[in-house]
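S.K.: Predicted coordinates and the sequence they were generated for:
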Amino acid sequence: MSGYRNPQGSTVVVQREGSLLHVTLSRSIDDPPISESSWSAQLAVAARRELGSPARRVSSGGAFTNDAASGRRERRCATYTIDSAFTVTDRGDEVHVVVSGVLTADGARALTARLPLDFVVRRHAGGWWIARGDRVLHKLAVGAKVVVALPPRCELADHFGKGILAVTCTTVRGSMAPFLTVAHACTAHTPTSEQVLAHNRELGERVDSIEITDLASGHTLMSWTPEPAPSGQ
């Protein structure tokens with residue numbers, strides 16, 4: 001909460017509450033009277049000063065009060081949405097986005113900066129949407145949770161947990177528990193069959209098959225199975 005006196009001589013008190021901003025103006029009844037449009041303009045200026053941009057008013061009211069220190073006063077109050085209030089939660093394979101205030105262009109840019117990979121917030125069909133490339137994916141609405149499924153990210157070596165986009169999926173079947181291992185990797189960390197075999201050999205695990213697929217096309221890039229033992233052995 002903060003308070004000050006504005007150039008028009010009104011006492012201003014502003015308070016944030018979640019995604020809302022409450023603004024209260026008060027003047028002594030002994031001060032020169034002002035019009036309703038002046039009250040409204042002063043409220044809007046106070047909200048803009050606090051938020052740095054124009055705000056959308058959602059409610060307003062007025063009353064006369066008695067203050068022991070300053071006597072009888074006239075008050076006007078208004079509640080505004082705090083523009084671009086949002087939360088972004090990265091859960092690894094998906095991102096949860098909740099918008100609690102009406103977005104503007106500045107808010108859309110701020111939200112884009114919080115999204116992983118190349119997801120952006122874009123204007124479309126009269127609203128704000130999450131998009132990727134040429135694909136418009138999810139419409140953003142105040143109060144609604146949007147779940148954005150993320151493409152797999154590299155899980156190997158120094159890229160683990162770094163959010164690097166994966167391009168391949170390696171599937172290994174064998175004696176390891178639970179008999180199947182799947183790893184997503186970028187181009188640099190996509191293993192060869194020799195590397196997979198050497199890794200599992202160190203762990204004392206038998207490998208029955210290896211398959212590496214391209215995530216974009218679904219095509220098999222490499223497959224490996226043990227050569228059958230020569231007959232008679």
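M.R.: Perfect, thanks for sending it. Bear in mind that the values here come from a model prediction, so they are computed numbers and not experimental data.
S.K.: Name the helix or strand for Thr87, please.
M.R.: Per DSSP states H and E, Thr87 falls inside strand 86-90.
S.K.: Can you give me the buried ones in that strand?
M.R.: 86, 88 (16 or more other CB atoms under 10 Å). Where you see a C-beta, it was placed from the backbone N, CA and C, and this is true even at glycine.
S.K.: With stretch 178-197 instead?
M.R.: 181, 183-186, 189-191, 193, 196-197.
S.K.: Farthest-apart pair in those residues, please.
M.R.: Spanning the widest gap among those are Cys186 and Leu197, at 21.1 Å by CB to CB.
S.K.: Poorly predicted segments of this structure, please.
M.R.: 18-19, 68-70, 83-85, 177, 229-233 (pLDDT under 70).
S.K.: Please enumerate the helices of it.
M.R.: 36-51, 105-114, 193-202 (DSSP state H).
S.K.: Without its sequence neighbours, what residue ends up closest to the residue most central in space within the chain?
M.R.: Nearest residue to the geometric centre of the chain (CA atoms, centre = their mean): Val88, 2.9 Å. Nearest non-adjacent residue to Val88, counting by CB to CB, 6 or more residues apart in numbering: Arg114, 4.4 Å away.
S.K.: Tell me which other helices or strands the strand holding Thr87 touches.
M.R.: Applying 3 or more CB pairs under 8 Å, 6 or more residues apart in numbering; DSSP states H and E, we find strand 86-90 packed against strand 94-99, helix 105-114.
S.K.: and of these, who's closest to Gly174?
M.R.: It's strand 94-99; of these, that one is closest to Gly174 (CB to CB) at 29.9 Å.
S.K.: Can you tell me the strand partners of the strand holding Thr87 and which way each runs?
M.R.: strand 94-99 (antiparallel) (DSSP bridges).
S.K.: What are the buried residues along the partner strand?
M.R.: 95, 97, 99.
S.K.: And for stretch 113-133?
M.R.: Per 16+ other CB under 10 Å, stretch 113-133 contains these buried residues: 115, 119-121, 128-132.
S.K.: now stretch 43-53
M.R.: Across stretch 43-53, burial judged by 16+ other CB under 10 Å covers 43-47, 50-51.
S.K.: Check stretch 16-35 too.
M.R.: Applying 16+ other CB under 10 Å to stretch 16-35 flags 19-27, 34 as buried.
S.K.: and what of stretch 53-73?
M.R.: For stretch 53-73, by 16+ other CB under 10 Å, it's 55, 57, 73.
S.K.: For the first one, list the residues it contacts.
M.R.: Residues counted as contacts of Ala55 (CB atoms under 8 Å, 6 or more residues apart in numbering) are 21, 44, 47-48, 80-83.
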